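[1] prediction below, plus the sequence it came from.
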Number of protein chains: 2
Amino acid sequence: MKPKDSMVNAFVPGAAMLSPEDAALVARREAALGPAYRLFYANPVHLVRGEGVWLYDKDGNAYLDTYNNVASIGHCHPHVVAATARQSAILSSHTRYLHEGVLDYAEKLLATFPAPLSHVMFTCTGSEANDLAMRIAREHTSGTGIIVSENAYHGVTAGVAEFSPALGPGVPLGVHVRAVPAPDPHRAAAGDVAASFTAAVQAAIDDLIRHGIRPAALIVDTVFSSDGVFCDPPGFLKGAVAGIRAAGGLFIADEVQPGFGRTGDAMWGFQRHGIVPDMASLGKPMGNGYPVAGLVLRPEVVAEFGAKGRYFNTFGGNGTAVATAMAVLEVVEGEGLQANAAAVGRYFRDGLRDLATRHEAIGDVRGAGLFLGVELVSDRAAMTPDAARTARIVNALREARILISATGPRANILKIRPPLVFSHANVDLFIDRLDQVMQAER
Amino acid sequence: MKPKDSMVNAFVPGAAMLSPEDAALVARREAALGPAYRLFYANPVHLVRGEGVWLYDKDGNAYLDTYNNVASIGHCHPHVVAATARQSAILSSHTRYLHEGVLDYAEKLLATFPAPLSHVMFTCTGSEANDLAMRIAREHTSGTGIIVSENAYHGVTAGVAEFSPALGPGVPLGVHVRAVPAPDPHRAAAGDVAASFTAAVQAAIDDLIRHGIRPAALIVDTVFSSDGVFCDPPGFLKGAVAGIRAAGGLFIADEVQPGFGRTGDAMWGFQRHGIVPDMASLGKPMGNGYPVAGLVLRPEVVAEFGAKGRYFNTFGGNGTAVATAMAVLEVVEGEGLQANAAAVGRYFRDGLRDLATRHEAIGDVRGAGLFLGVELVSDRAAMTPDAARTARIVNALREARILISATGPRANILKIRPPLVFSHANVDLFIDRLDQVMQAER
């Protein structure tokens, strides 16, 4: 029973021989969780513990985690674990009572943003943050049209799934949604990423209007993670942002993937492009595993929404959520993780580019800080995508105890997104294992 | 600047004199959180700590919490706090790796449901659970029509807000949504709640079909909390459930309010009515403050959704979420909290009914277990709603250090929803204070 959706690196039940223990767990999952859940890998990993950049399976084997951006400051960081434990023993109540914790955190978080972004609203998930952004954009613009990139993923609520083409053909896009080609330098017209992307967004705006749909927003993950990781050249978003604003719409930066210092050169991915969004949605790394997320915005944008109605998210911004998120921010700043992402990310890209001199299958190495994409091809000159090889490498690395996954509409981009505490030695280990795996491929 | 929405018991900025400290916090909220946030009470409460049924303000004053159903087994229950702390130090990863924790909890949770409900999917919030229920219902029925009660609240995603009339006129209902009168015994035709509600749902079904909209689901909070708390007579939902199913739609029980033993006579609110829903959504009390929620369903209902696509909620069902939820379930069972809700709830209703013999303003006392509604009227024979008195009483109780709130489309129902560890002595204190407050009213 092969899953019919488009998920990259999904376990396919029945396709591989599992250990009796793992087979039993898979059977329990099917019985209790049902058919919509997916595992990673041909041979799923059974995890029991995490610490820093390491994850451990039930037999005590250590896996180098180069994929999980939720535990962005390292699995089970003691400063964060302590904050969660301390505050959950004191109070976890909600935002309809006065509580200083939510304000202390909100102010500290907002201080990391450019001045026009001076409000934050708390949710529990990035999906909820993008869903709220959409509601606010509709209210502010009186429009409904949404523009996204062709393989974008923004979340799983009904509203957000309608503009998340990465969910595959089983989840239709909304009639008010237009998907534009990602800013892929290898596929942009005349190789001009900025001009191509600007033109594509403008064409989408025109098409929305032609259909009587007023544009509400352009929303992009500012590292284009699920499209295949596109960060360069810096500034390529400017024209598209100007275009959506000229059409009366808003620009929403989805910072769930790049945010909290991952790109190395800035705290937020949009800063790479020299732009200030109208809203920025935050998620995964915000609580290092604790469910906390949020939406940062310009006051003008939410004025009407706030006057006409209220927003209350029961757990959003509760005492423990904000204490945990505060501890994460303290670690990001205190341990210099943005600078580490920049330095180790550069070393990582250099190492991968060196590897590319020895492996023809590596068509491109790209990214920013500790968000890297390695494009695998069967013909480097033609940049022919090689999804099969990509899947084999991801699974071979898993057997070599390195966790990554793949992404992109052609499933041929290795997605590398380790905890920000990643070290030079961790990079060396990764490069060495990838080299071995690719050599064995030939 | 009075909030324009319909929130009961909302703080109105500028309407009351605050202490300098509280005024400073309110100003910080407006600056950092923006205009969509609301506080409770004319004079907001500034909380710093919670323990069991007690909440403490910054000056050390203790408030009896008879309102917050999130901390359903008591604020900061040590068994739950310990579970959160323990697991967050071990692993908080997601459901794309094998992990026994999520299965152990899923199986324990499902064992509390009638057999046909044998799958559970994890989310972070009740809003996400209802949003997912809607997506699954659409897929299964090929319909979009949703029927809710007139003042229902089911959540804040864009999709769910469209069928949450309690959010007020600023948040329009979807064109595919029909709202029917709540099963209010004082307003039902010929006093027959079951027949009235069945007829109203059938009329909504007919109206949807007349507009070319295929019914997808009837969804109700099985204690009708925001409609004013309606639990009797048991069984009144049967006809409506049969009606929606005959029309090809599903019945979704929103158990965010009544679930986890609160109604005393059963673990789940729908059980009071002798029905089995197609899906049951869970939320607030599930993690006693930790953001965890879920959707329990019949396998047939999710088969097509699971075959066509996947559902992944990054934090949903993570190691710490399920360890925390497991601890909550252990306490509900181990401390006999459902039985306590039944016994103390009965004592509470008796006390309130005794009070009604002395206060004409109490028009009705109703509810199940520890979910109680007290209807306040200016004329008992005519059951004339008295929202102004209700607001005064809620605020006077806050000054008397008892926390409750009000509900209902006419804002005249005291909503009483204490932690399930509530004792006879807690009830006595509540009744005594309410008596004093109501005497002072006269």
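    Nice, I can see it. Numbering: from 1, shown residues only, chains lettered A, B, ... in the order given.
[2] quick one, domains of chain A?
    A:45-73+A:337-441, A:78-334 (automatic domain parsing).
[3] return the most buried member of those.
    Burial of the domains of chain A is given as mean neighbour count (mean count of other C-beta atoms under 10 Å in any protein chain shown); domain A:78-334 ranks first at a mean of 23. Yep, even glycine has a C-beta here, placed from its N, CA and C like the rest.
[4] quick check: end-to-end length of that one?
    14 Å (C-alpha to C-alpha, to the nearest Å).
[5] could you say which helix or strand contains A:Cys231?
    Applying DSSP states H and E as the criterion places A:Cys231 outside every helix and strand.
[6] would you map the strands across the stretch 251-400 of chain A?
    A:279-282, A:293-297, A:362-368, A:371-379, A:384-385 (DSSP state E, counting those that start in this stretch).
[7] should've said the stretch 51-200 of chain A
    Using DSSP E, counting those that start in this stretch, the strands of the stretch 51-200 of chain A run over residues A:54-57, A:62-65, A:119-123, A:145-149, A:177-180.
[8] what pLDDT does the model give whichever residue of the stretch 251-400 of chain A sits closest to chain B?
    Residue nearest to chain B within the stretch 251-400 of chain A: A:Gly306 (2.8 Å; C-beta to the nearest C-beta). Looking at A:Gly306, its pLDDT stands at 95.
[9] is it true that A:Glu51 touches A:Cys76?
    Yes: if you go by C-beta atoms under 8 Å, A:Glu51 and A:Cys76 touch, sitting 5.7 Å apart.
[10] which residues does the residue of the stretch 251-400 of chain A closest to chain B contact?
    By C-beta atoms under 8 Å, 6 or more residues apart in numbering or on different chains, A:Gly306 lies in contact with B:Gly34, B:Pro35, B:Ala36, B:Tyr37.
[11] and those as a markdown table, adding secondary structure?
    Listed next are those as a markdown table, based on DSSP: H, G, I helix; E, B strand; the rest coil:
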| residue | secondary structure |
| --- | --- |
| B:Gly34 | coil |
| B:Pro35 | coil |
| B:Ala36 | coil |
| B:Tyr37 | coil |
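[12] beta-bridge partners for A:Val365, please?
    A:Val374 (DSSP bridges).
[13] show me what A:Thr407 is bridged to.
    Applying DSSP bridges, one finds that A:Thr407 bridges with A:Ile413.
[14] shouldn't it be in contact with A:Ser225?
    Yes: applying C-beta under 8 Å as the test, A:Thr407 and A:Ser225 come out as touching, 6.5 Å apart.
[15] find residues that contact each of the two.
    A:Lys415.
[16] tell me which stretches of chain A form helices.
    A:20-33, A:78-88, A:100-110, A:126-141, A:158-161, A:193-210, A:238-246, A:299-308, A:319-334, A:337-356, A:387-399, A:424-441 (DSSP state H).
[17] residues contacting the closest residue to A:Glu255 other than its chain neighbours?
    Nearest residue to A:Glu255 in three dimensions, chain neighbours excluded: A:Ala280, at 5.0 Å (C-beta to C-beta, 6 or more residues apart in numbering or on different chains). Taking C-beta under 8 Å, 6+ apart, we find A:Ala280 in contact with A:Phe113, A:Leu117, A:Ile252, A:Ala253, A:Asp254, A:Glu255, A:Gly259, A:Trp268, A:Phe270, A:Leu295, A:Val296, A:Leu297.
[18] same question for A:His154.
    If you count contacts by C-beta under 8 Å, 6+ apart, A:His154 has them with A:Gly126, A:Ser127, A:Asn130, A:Val148, A:Val160, A:Phe163, A:Ser164, A:Ile219, A:Asp221, A:Asp254.
[19] just send these back as JSON lines, with pLDDT too.
    Below are the contacts of A:His154 laid out as JSON lines (pLDDT from 0 to 100):
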{"residue": "A:Gly126", "pLDDT": "98"}
{"residue": "A:Ser127", "pLDDT": "98"}
{"residue": "A:Asn130", "pLDDT": "98"}
{"residue": "A:Val148", "pLDDT": "98"}
{"residue": "A:Val160", "pLDDT": "98"}
{"residue": "A:Phe163", "pLDDT": "98"}
{"residue": "A:Ser164", "pLDDT": "98"}
{"residue": "A:Ile219", "pLDDT": "98"}
{"residue": "A:Asp221", "pLDDT": "98"}
{"residue": "A:Asp254", "pLDDT": "98"}
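[20] restrict these to contacts with chain B.
    Contacts with chain B are made by A:Gly126, A:Ser127 out of those, judged by C-beta under 8 Å from any C-beta of the partner chain.
[21] which of the contacts of A:His154 lies closest to B:Asn412?
    A:Ser127 (36.2 Å; C-beta to C-beta).
[22] thought the closest one was touching A:Ala158?
    No: using C-beta under 8 Å, A:Ser127 is not in contact with A:Ala158; the gap is 10.1 Å.
[23] got the residues of the stretch 251-400 of chain A near chain B?
    Neighbours of chain B within the stretch 251-400 of chain A, by C-beta under 8 Å from any C-beta: A:283-284, A:288-292, A:297, A:299, A:302-303, A:305-315, A:317-318, A:320-321.
[24] before we move on, the earlier item: reformat the domains of chain A as TSV; add distance to B:Asn340.
    Rendered in TSV, the data for the domains of chain A read as follows (distance: least, C-beta to C-beta, whole Å):
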stretch	distance to B:Asn340
domain A:45-73+A:337-441	36
domain A:78-334	22
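[25] C-alpha coordinates for stretch A:24-38, CSV please?
    What follows is stretch A:24-38, C-alpha atoms only, in CSV (Å, rounded to 0.1, in the frame of the first residue of the first chain):
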residue,chain,number,x,y,z
ALA,A,24,5.3,-4.5,15.8
LEU,A,25,5.6,-0.8,16.3
VAL,A,26,4.6,-0.1,12.8
ALA,A,27,1.5,-2.4,13.3
ARG,A,28,0.6,-0.5,16.5
ARG,A,29,0.9,2.8,14.6
GLU,A,30,-1.4,1.6,11.9
ALA,A,31,-3.9,0.4,14.4
ALA,A,32,-3.9,3.4,16.7
LEU,A,33,-2.9,6.4,14.6
GLY,A,34,-4.5,5.3,11.3
PRO,A,35,-3.6,5.8,7.6
ALA,A,36,-2.6,9.5,7.5
TYR,A,37,0.7,9.1,9.5
ARG,A,38,4.0,8.7,7.7
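[26] for it, buried residues please.
    A:Leu25, A:Val26, A:Arg28, A:Arg29, A:Glu30, A:Ala32, A:Leu33, A:Gly34, A:Pro35, A:Ala36, A:Tyr37, A:Arg38 (16 or more other C-beta atoms under 10 Å in any protein chain shown).
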